[in-house]
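K.L.:
what follows is a predicted protein model with its sequence.
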Amino acid sequence: MKKSLVSLPSTKMAFTAVLSLYFSFASLAQTKSDTTSYIQTLDITSGKIDTVLAIKAHFEAPNWHPDNYLILNSYGKLHTLDLASKKLKELYTGFATACNNDHGISPDKKWLAISHNDKSDPSPKRYKSAIYVLPVSGGEPRRVTSEVMSFWHGWSADGKTLAYCGERNGNYDIYSIGIDGGAEKRLTNSEGLDDGPDYSPDGKYIYFNSYRTGHMQIWRMLADGSQPEQLTFDENSNWFAHPSPDNQWIVYIAYTSDEKQAHLFGKNVKLRLMNLKTKEIKDITPVFYGGQGTINVPSWSPDSKKVAFVSYAVK
């Protein structure tokens, strides 16, 4: 298999230099047709991995809805994948047809947050991701964030607040905003990338990944941004911690190589599981070919027994 150093159009990078690299290769990436996506579920107890669908196209970032289907993005559009019938169907998102892999389901399961590249935004930035919400069954999106670039990652337990990664003045930090928009609140203010904020089910914590130590690790903080606490301390580049619905675990993706502040597609990765009571960590997959798009967003099953993810093959 050929390993690509270029992410597909849904990529969110850490720095302007890397973002520029992405734009240089975006047109090439859009024409790639040799990627196979394996949309999979993993039983965290037995370790059993089931492939729901293998498809010769680039799919990313599954959310798991209680009605037994996944929501994924592919080439700017969202799709649902029924876990029983394996039927794949495009989800109507109105004008938002440049969605990246930062999307997720509200706690009441009625709404979907998306991150869409709004090319009409007056910002001079080359990539203009803003956050919108729409009915989970499809509909016309309503914009929530006024500033770009903004990439959704978490929904508070009461459904009233969104957490996201925002680029402001060249730095990527974590912000929150009310579901009806208004002023955003900055929750982190550290040099380097803070990304992937996901609320704990009890609303107490936000889990995130940070490069503030010079190596990408998993952290958490109180929901107001105070009392940051580092949770991982290893040689992997650790990203996208997602707490389970029963609040007993976090699952996250670990790059086996030091990727600095980038989360590229086409790397050796594995999924790891942390017991939130004991802080014990274990591998729950072998190393596989993935990275960007594998598990960017919350993907737990409602019963906290399984997670959905995507692995890839590129000829």
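P.N.:
That came through fine. Residues are numbered from 1 along each chain as shown.

K.L.:
CA atoms for contacts and neighbours, from now on please.
P.N.:
Will do.

K.L.:
packing partners for the longest strand seen in the chain?
P.N.:
Ranked by residue count, the top strand of the chain under DSSP state E comes out as strand 265-275. Strand 265-275 sits against strand 249-255, strand 281-283, strand 288-291, with contacts defined as 3 or more Cα pairs under 8 Å, 6 or more residues apart in numbering; DSSP states H and E.

K.L.:
could I get those as CSV with mean neighbour count and distance to V133?
P.N.:
Below are the helices and strands packed on strand 265-275 laid out as CSV (neighbours: other Cα atoms under 10 Å; distance: least, Cα to Cα, whole Å):
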stretch, mean neighbour count, distance to V133
strand 249-255, 24, 25
strand 281-283, 15, 34
strand 288-291, 22, 26
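
K.L.:
export those to CSV and tack on mean pLDDT?
P.N.:
Converted to CSV, the helices and strands packed on strand 265-275 look like this (pLDDT from 0 to 100):
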stretch, mean pLDDT
strand 249-255, 98
strand 281-283, 98
strand 288-291, 97
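
K.L.:
which of these sits closest to T213?
P.N.:
Among the helices and strands packed on strand 265-275, strand 249-255 comes nearest to T213, with 16.6 Å by Cα to Cα.

K.L.:
tell me how far that closest one lies from the chain's centre.
P.N.:
12 Å (Cα atoms, centre = their mean, to the nearest Å).

K.L.:
to S301, which of the helices and strands packed on strand 265-275 lies closest?
P.N.:
Closest to S301 of these is strand 249-255 (Cα to Cα; 12.0 Å).

K.L.:
tell me which residues of the longest strand of the chain come out buried.
P.N.:
Neighbour counts using 16 or more other Cα atoms under 10 Å place F265, G266, K267, N268, V269, K270, L271, R272, L273, M274 of strand 265-275 among the buried residues.

K.L.:
can you tell me the helix or strand for K89?
P.N.:
Of the helices and strands defined by DSSP states H and E, K89 is found in strand 88-91.

K.L.:
neighbours of K125, how many?
P.N.:
12 (other Cα atoms under 10 Å).

K.L.:
got it, and the one 4 residues further on?
P.N.:
For S129, the count of nearby residues is 29 (other Cα under 10 Å).

K.L.:
for the spatially closest residue to it that is not a sequence neighbour, grab phi and psi.
P.N.:
Nearest non-adjacent residue to S129, counting by Cα to Cα, 6 or more residues apart in numbering: N117, 4.1 Å away. Backbone torsions for N117, taken as degrees, to the nearest 10, come to phi -80, psi 100.

K.L.:
model confidence score at N117, please.
P.N.:
Per-residue confidence (pLDDT) for N117: 97.

K.L.:
just checking, it touches K128?
P.N.:
Yes: using Cα atoms under 8 Å, N117 is in contact with K128, at 4.9 Å.

K.L.:
higher neighbour count, these two?
P.N.:
N117 (24 against 20).

K.L.:
next one: the more buried one from L276, what distance?
P.N.:
Per Cα to Cα, to the nearest Å, N117 is found 35 Å from L276.

K.L.:
what does W239 give?
P.N.:
17 Å.

K.L.:
more crowded one of those two?
P.N.:
Neighbours per residue (other Cα under 10 Å) separate W239 from L276, with W239 holding more: 28 against 15.

K.L.:
low pLDDT regions in this protein?
P.N.:
For the chain, the stretches flagged by pLDDT under 70 are 1-33.

K.L.:
so what's the spatially most central residue of it up against?
P.N.:
Geometric centre of the chain, nearest residue: N296, 2.2 Å, by Cα atoms, centre = their mean. Contact analysis of N296 by Cα atoms under 8 Å, 6 or more residues apart in numbering lists A61, N101, D102, G196, F240.

K.L.:
still on that earlier bit, turn the buried residues of strand 265-275 into JSON lines, columns for distance to E229.
P.N.:
JSON lines is the format used below for these (distance: Cα to Cα, whole Å):
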{"residue": "F265", "distance to E229": "28"}
{"residue": "G266", "distance to E229": "30"}
{"residue": "K267", "distance to E229": "28"}
{"residue": "N268", "distance to E229": "27"}
{"residue": "V269", "distance to E229": "24"}
{"residue": "K270", "distance to E229": "23"}
{"residue": "L271", "distance to E229": "21"}
{"residue": "R272", "distance to E229": "19"}
{"residue": "L273", "distance to E229": "18"}
{"residue": "M274", "distance to E229": "15"}
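
K.L.:
give me the element F208 is part of.
P.N.:
Applying DSSP H and E, one finds F208 within strand 205-210.

K.L.:
repeat for A313
P.N.:
Following DSSP H and E, one finds A313 within strand 306-314.

K.L.:
for that strand, what is the distance to the chain centroid?
P.N.:
13 Å.
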